[in-house]
Structures are given as C-alpha cells and as structure tokens.
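[1] below are the sequence and a predicted model for it; my questions follow.
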Amino acid sequence: GGFNSISFDGTDDFIDLGTVAALNLTGTMSFACWYKSSSYTQNQAFIASSLNGGQANYAITFGFNDNKFELWNNAIGPVISSTASIADPGWHHYVCTRSGTAGSWNLSLYIDGVLDKSGTSALDPSGGSYPVVLGRFGGFGGYYLLGQLGDAALWSRALTAVDVWEL
C-alpha cells in the first residue's frame, strides 16, 4: 500500500504552483502531507505563499527551529512550532490548521494524527498575491525541502480533529 512521493534534494528542487488566487489563502486554511526528512536542522518549507521571503500569506516549515514542524501567518517567523521534536528517519503525517478571522487566529499542529500544539495569534497574513511553491519558501530562493514529500494537500477550511484522524 502507501502513496507516491517526490524526493527533494535540499538545494534547488521545488514545485512552482504559480501565483493562483485560490492558493493564496489569507483566511481559514489547512495543509497536510506525509514527509520523511533527510535533515532535521535545515530550514525547510513544505509549502509557502510568499514574495521574496519578506511577505507571506502562510508558510509551513520543518527545521526552522531544529526538529520542529511550524506554521507561519506572515514572513517574520513561525507563529506556532511543534512541541514534538522529530529526528528519526521514518515517515510522519503533518497537518496544520488556521481558523478564525483577521487579528484573531486559532492555529493547530497535528503530527501522526494527534494534536501536538494549538495556540492563537493576532498576526495577520500579508494579504498579497504571491508565488505558491512546494519545497521552497514561495518566491524566496531558500528553505529548500530535503527529503521525501507525499500526499500534500491544501484546503481553504480548517480541518477538524476527526478529519485529521481520517487522513
């Protein structure tokens, strides 16, 4: 069983999804993927809607803080980082959700189907139309993914804990 995955070399591999309004989510959203890392301390982006790294609607990263899974609401740094420290060579399922409204966001991180951390933030997404890229920090030429990514999905709604478990 299983799924197909794409290998990223951590240097220059990425998938440019374009500057698509439907992917430049500034409100409620969720992202999910399976990931098998080859490095736990390299700044890596699963996906980001960002322009040159200075502005972002969201970014989902791994390793900005060593061995952590992170969600950014803007480009100034992770708004929430996982409690769990992941540094093993196995596959893990990662999900992040953002619900709420401008100035009042509810953020959650799930690892392997279990809620790892939740929190709130008043920091809003930048709100522009930016390149959306898998395996790199949007339009910024950095934070390249190093490992294997599978079953990546993006939603314009916040998944529930039941949704996450069913994934």
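    Thanks, I have it. Quick caveat: nothing in here was measured; it's all calculated off a predicted structure.
[2] center of this protein - which residue?
    residue 60 (1.9 Å; C-alpha atoms, centre = their mean).
[3] now for the closest residue to residue 138 other than its chain neighbours, how many residues are close by?
    Of all residues not flanking residue 138 in the chain, residue 50 sits nearest, at 2.8 Å (C-beta to C-beta, 6 or more residues apart in numbering). All C-beta atoms are positioned from the backbone trio N, CA, C, and that covers glycine. For residue 50, the tally of surrounding residues (other C-beta atoms under 10 Å) stands at 29.
[4] can you check the one 3 residues further on too?
    The burial metric for residue 53, expressed as a neighbour count using other C-beta under 10 Å, is 16.
[5] sec struct for it, please.
    Under DSSP: H, G, I helix; E, B strand; the rest coil, residue 53 falls in the coil class.
[6] so who does it touch?
    75, 137-140, 142 (C-beta atoms under 8 Å, 6 or more residues apart in numbering).
[7] out of the residues you listed, which one has the weakest pLDDT?
    Among the contacts of residue 53, residue 75 carries the weakest pLDDT, at 90.
[8] returning to what we had before: the residue nearest to residue 138 is in what secondary structure piece?
    Assessed by DSSP states H and E, residue 50 sits inside strand 44-51.
[9] the closest residue to residue 111 other than its chain neighbours: how many residues sit nearby?
    Closest residue in space to residue 111, ignoring its immediate chain neighbours: residue 84 at 5.4 Å, by C-beta to C-beta, 6+ apart. Residue 84 has 16 neighbours, counted by other C-beta under 10 Å.
[10] and the helix or strand that comes right after the strand holding residue 50, what other elements does it pack with?
    Along the chain past strand 44-51, the next helix or strand (assigned with DSSP H and E) turns out to be strand 55-62. Applying 3 or more C-beta pairs under 8 Å, 6 or more residues apart in numbering; DSSP states H and E, we find strand 55-62 packed against strand 29-37, strand 44-51, strand 69-72, strand 92-101.
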